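> model the following, please.
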Amino acid sequence: MTESTFRALVITRDDNRKTHANFQDLTIDDLPESEVLVKIQYSSLNYKDGLAFTGSLPVVRKFPMVAGIDFVGTVAASDSDEYAVGDNVILTGWGVGQTHWGGYAGYARVPADYLVALPEGLSPQNAMAVGTAGFTAMMAVMALENHEITPDSGAIVVTGASGGTGSMAVALLSQLGYRVVASTGRDTLSDYLMSLGAQEIIGRFDAPSRPMGKEKWAGAVDSVGGDTLAAVLTEIQYGGSVAAFGLAGGSDLNTSVYPFILRGVNLLGIDSVMCPKPYRLNVWERVAQVMTDDLFAQIAQIEPLSNIEKLAQDILAGDVRGRVVIDVAK
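Sure, this is the predicted structure:
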């Protein structure tokens, strides 16, 4: 590469509708036209990135597509009054990496409305330790708070606890004073989850055998979906809430109305993609307030973008612990 080009991970589709992911050298002129040009420092690895890279599900909607659904970086050029050259900014959501070129590249050009300023006290590296997964986890925690689930309400169970969103949810809830029960199928990560603040470790949930089970949890953060979510719903206490955003366990939900009409359980859907900008700012400020450098050090690892093939396979197989920050320059 020369100084006039940068590397990007580009997903293409052939005439047989099979997708391919390859590194290409691009120029600034290759980027889609938009308001703000950002020199990217870091991106991160999310479940959706794994799907996009492997083509396991059709999450990419336009081709060619630069992959990477989030990034942090510095404004290199701007036609917006909101951001000036040198500003540090974060992007998550808005279909980036799916319908608009994303963060697995040296540069991105995006609308100003897609960006938020990097909160004070949050480093670029830690911002991507949060990334889309951690941002979604914070939204889930705030949704429980908004439905009056407090630390005094009882235990909160987190499913898929060893993954990116699950790990962040465990850490955030613990820092806020909740009793956190972490559900995972990876026994070897019990010490890791306890270090993040989990007070009890349990195995994975089986598909429910009855429409109602014993009331165990004041609330839940579910990153799995499928039978796991169905089982959790049967064990929520009266008036409790479940914040759900995952589908690693399947997109179908085989449940009954009983938890909702007999116990007043709330199922709270969490969408971080199209979250309005004012609320985004609130979420990022909360993350910056709650998380600590020590937690970030435990939860995150840095990997080069050149390792993305293996990382994508690992995250889809459930073999990634916590958060992976992607150094796009390596």
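> Gly131 belongs to a strand?
No - Gly131: not assigned to a strand; according to DSSP: H, G, I helix; E, B strand; the rest coil it is helix.
> I'd like the distance between it and Ile40.
13 Å (CB to CB, to the nearest Å). For glycine as for every other residue, the C-beta is placed from the backbone atoms N, C-alpha and C.
> these two: which has the busier surroundings?
With neighbours defined as other CB atoms under 10 Å, Gly131 and Ile40 compare such that Gly131 has more, 31 against 26.
> where's the more buried one relative to Leu91, distance?
10 Å.
> now for the two: what residues contact both?
Asp70 (CB atoms under 8 Å, 6 or more residues apart in numbering).
> what is the burial count for Tyr238?
11.
> please renumber so the chain begins at 711
Fine by me, first position is 711 from now on; the one you just mentioned is Tyr948.
> what helix or strand does it sit in?
Taking DSSP states H and E as the definition, Tyr948 sits inside strand 946-954.
> mind listing what's buried in the helix or strand just after that strand?
Following strand 946-954 in sequence order, the next helix or strand is helix 968-972 (DSSP H and E). Within helix 968-972, the residues that count as buried by 16 or more other CB atoms under 10 Å are Pro969.
> quick one: strands adjacent to the helix or strand following helix 968-972?
Counting by DSSP H and E, the next helix or strand C-terminal to helix 968-972 is strand 976-979. Next to strand 976-979 in the sheet, as set by DSSP bridges, lie strand 946-954 (parallel).
> how about residues contacting the strand it pairs with?
849-851, 853-854, 857, 859, 863-864, 925-932, 935, 939, 942-943, 969, 973-980.
> report the mean confidence score over it.
The predicted model gives strand 946-954 an average pLDDT of 98.
> alpha carbons of that strand, in CSV - could you do that?
C-alpha atoms of strand 946-954 as CSV (Å, rounded to 0.1, in the frame of the first residue of the first chain):
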residue,chain,number,x,y,z
ILE,A,946,-39.4,-14.6,35.8
GLN,A,947,-41.0,-13.2,39.0
TYR,A,948,-44.3,-11.4,39.1
GLY,A,949,-43.9,-8.0,37.4
GLY,A,950,-40.4,-8.8,36.2
SER,A,951,-38.8,-8.0,32.8
VAL,A,952,-36.6,-9.6,30.2
ALA,A,953,-34.5,-7.5,27.9
ALA,A,954,-33.9,-9.5,24.7
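> please point out which parts of that strand sit buried.
Ile946, Gln947, Gly950, Ser951, Val952, Ala953, Ala954.
> widest-spaced pair of those residues?
Pairwise distances among the buried residues of strand 946-954 were taken by CB to CB; the largest, 16.7 Å, belongs to Gln947 and Ala954.
> just want the most central residue of this structure.
Ala843 (1.4 Å; CA atoms, centre = their mean).
> quick one: the strands in the stretch 861-1010 of the chain, in order.
Under the criterion DSSP state E, counting those that start in this stretch, the stretch 861-1010 of the chain contains strands at 866-868, 890-893, 910-912, 927-932, 946-954, 976-979, 1010-1014.
> pairing partners for the first one, with directions?
Strands flanking strand 866-868 in the sheet, each with its direction: strand 890-893 (parallel), strand 927-932 (parallel) (DSSP bridges).
> tabulate those strands (a markdown table), appending distance to Asp797, mean pLDDT and mean neighbour count.
Output for these, formatted as a markdown table (distance: least, CB to CB, whole Å; pLDDT from 0 to 100; neighbours: other CB atoms under 10 Å):
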| stretch | distance to Asp797 | mean pLDDT | mean neighbour count |
| --- | --- | --- | --- |
| strand 890-893 | 36 | 98 | 26 |
| strand 927-932 | 32 | 98 | 29 |
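> in JSON lines: those strands, plus distance to Asp791.
JSON lines is the format used below for the strands paired with strand 866-868 (distance: least, CB to CB, whole Å):
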{"stretch": "strand 890-893", "distance to Asp791": "43"}
{"stretch": "strand 927-932", "distance to Asp791": "38"}
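> domain assignment for this structure?
The chain is divided into the following domains under automatic domain parsing: 716-828+1007-1037, 843-979.
> may I have the beta-bridge partners of the closest residue to Met904 other than its chain neighbours?
In space, and not counting its chain neighbours, Met904 is closest to Ile911: 7.1 Å by CB to CB, 6 or more residues apart in numbering. Beta bridges link Ile911 to Ala892, judged by DSSP bridges.
> give me the pLDDT value at Phe733.
So Phe733 comes in at 97 (pLDDT).
> relative to Asp962, how far out is Leu903?
28 Å.
> count of neighbours near Ala1022?
22.
> picking that back up, make CSV out of the buried residues of strand 946-954 and add distance to Gln734.
CSV is the format used below for the buried residues of strand 946-954 (distance: CB to CB, whole Å):
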residue, distance to Gln734
Ile946, 48
Gln947, 52
Gly950, 49
Ser951, 45
Val952, 42
Ala953, 38
Ala954, 37
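> Leu903 and Asp962: who's more crowded?
Neighbour comparison, Leu903 and Asp962: the larger count goes to Leu903, with 28 against 12 (by other CB under 10 Å).
> tell me the contacts of the closest residue to the more buried one other than its chain neighbours?
Setting aside the residues directly before and after it, Leu903 is nearest to Ala892 in space (CB to CB, 6+ apart), at 4.4 Å. Contacts for Ala892 (CB under 8 Å, 6+ apart) come out as Val867, Val868, Ala871, Ser872, Gly876, Val880, Leu903, Ala908, Glu910, Ile911, Ile912.
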